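Visitor: Predicted structure and sequence below. I'll ask about it afterward.
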Amino acid sequence: MNDNKTNINWFPGHMTKTRRMIAAEIGKMDAVCEIVDARIPLSSRNPDVEELAGGKPRLLILNRVDQADPVQTKRWAAWFRDRGYAVLEVNAKTGEGTARFSAAVRTLLQDKIAAWQAKGQVGRTVRVMVLGIPNVGKSTFINRVAHRKTARAEDRPGVTRSKQWVPVDQTLELLDTPGILWPKFDDPQVGVRLAFTGAIKDDVVDLEDLASRLMDYLRRRYPDALSERYKITPAEEDSGYDLLTQAARKRGFLMRGGAVDTERMARILLDEFRAGRLGRFTLETVEDLEA
Ligand code: G4P
């Protein structure tokens with residue numbers, strides 16, 4: 001296993017530019033809508049958005065709820081609400097939860113909108129900046145709330161390079177921003193969790209190491225899912241790599257000479273996990289945070 005690779009240090013371009021753009025535009029916004037992955041609600045946030053968006057009313061979209069543990073999603077929703085965020089639980093792929101977006105924005109901004117109306121500014125447009133790391137489902141979400149049928153070329157992942165205004169209705173406009181993740185992983189586990197979900201590309205991580213870590217997490221939190229899917233019986237003393245080896249054996253992944261093909265199993269575990277074939281899991285919990 002390659003320790004250097006697992007200590008993820010991932011530095012994409014366009015980062016500084018995007019941060020500057022957010023800082024320059026934020027003053028004109030009425031609210032900020034941050035889209036996070038419900039499976040990793042903290043690790044999937046850009047680290048200094050808190051500071052950049054400081055003071056603005058905030059809407060937090062817990063996206064991919066279909067892939068996350070429903071019990072944990074409720075806990076996270078409450079955790080963010082306690083911290084002053086308006087929260088929506090969403091599956092952008094099916095559209096579940098997205099219909100409540102406009103109303104949620106207007107509720108969040110009701111005092112401001114009432115103040116506008118009192119000044120005679122009836123029908124003034126509400127502007128919301130939408131932020132989200134790549135692959136979190138930002139384009140899918142925006143297409144849903146703006147009732148756009150198909151993703152345009154510029155909405156494809158990684159293609160939205162600059163800011164873009166998207167009308168939702170006559171008095172609500174979104175400012176779409178490039179989906180960029182800038183690293184400030186004080187906690188190395190953040191990078192690992194992003195890699196579990198595929199938010200960090202597999203070519204910058206060691207797959208067997210990553211899959212072993214995922215096995216280890218699943219053994220601790222969701223052992224039944226491993227028994228069901230891979231017909232293995234995880235024991236307390238089994239390392240993640242042991243479990244990867246056991247699963248590979250069960251699947252008959254042997255190489256010439258009889259060695260177990262753990263790399264193939266690693267790929268399969270990650271693919272199946274990301275495709276939701278093992279079940280619905282949350283990879284960081286409120287309890288972990290408060291422990
Ligand atoms: P981005 O703009 O944030 O980069 O992400 P994008 O919307 O392109 O979504 C990335 C992938 O995640 C897409 O899948 C999309 O369908 C899927 N996705 C978005 N939101 C959700 C969700 O709430 N639940 C689930 N399960 N998936 C979601 P894809 O495989 O790239 O495309 P497609 O096969 O769906 O067309």
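Guide: Great, that's in hand. Numbers count the residues shown, from 1 in each chain.
Visitor: Surely residue 264 is in contact with residue 248?
Guide: Yes: counting by CB atoms under 8 Å, residue 264 touches residue 248, with 6.9 Å between them. For the C-beta atoms, the positions are set from N, CA and C on the backbone; glycine is no exception.
Visitor: can you tell me how far the one residue in the chain that gets nearest to the ligand sits from residue 91?
Guide: Using CB to the nearest ligand atom, the closest approach of the chain to the ligand is made by residue 137 at 2.8 Å. Residue 137 sits 9 Å away from residue 91 when distances are taken as CB to CB, to the nearest Å.
Visitor: okay, and the common contacts of these two?
Guide: 63-64 (CB atoms under 8 Å, 6 or more residues apart in numbering).
Visitor: circling back: which one's more surrounded, residue 264 and residue 248?
Guide: residue 248 (24 against 16; other CB atoms under 10 Å).
Visitor: Identify the residues contacting that one.
Guide: Contacts of residue 248 (CB under 8 Å, 6+ apart): 260-262, 264-265.
Visitor: So what does the residue positioned nearest the centre of the chain have for phi and psi?
Guide: Nearest to the mean C-alpha position of the chain, counting by CA atoms, centre = their mean, stands residue 37 at 2.4 Å. When read as degrees, to the nearest 10, the backbone of residue 37 gives phi -90, psi 120.
Visitor: Just list the residues touching the nearest residue to it once chain neighbours are set aside, thanks.
Guide: Leaving aside its sequence neighbours, residue 37 sits nearest to residue 44 (CB to CB, 6 or more residues apart in numbering; 4.0 Å). Going by CB under 8 Å, 6+ apart, residue 44 touches 36-37, 133, 136, 193-194, 197, 199.
Visitor: From these, pick the one nearest residue 235.
Guide: The shortest gap between residue 235 and any of the contacts of residue 44 belongs to residue 193, at 24.5 Å (CB to CB).
Visitor: does that closest one sit in a helix or strand, and which one?
Guide: Following DSSP states H and E, one finds residue 193 within helix 188-197.
Visitor: And residue 270, by the same measure?
Guide: Using DSSP H and E, residue 270 falls in helix 262-274.
Visitor: In terms of helices and strands, where is the residue located most distally from the centre of the chain?
Guide: Distance to the chain centre peaks in the chain at residue 257, reaching 41.1 Å (criterion: CA atoms, centre = their mean). In this structure, residue 257 sits in neither a helix nor a strand according to DSSP H and E.
Visitor: picking up where we left off before, quick one: average confidence on the helix holding residue 193?
Guide: The predicted model gives helix 188-197 an average pLDDT of 92.
Visitor: Now do it: which elements does it pack against?
Guide: Counting by 3 or more CB pairs under 8 Å, 6 or more residues apart in numbering; DSSP states H and E, the packing neighbours recorded for helix 188-197 are helix 207-221, helix 262-274.
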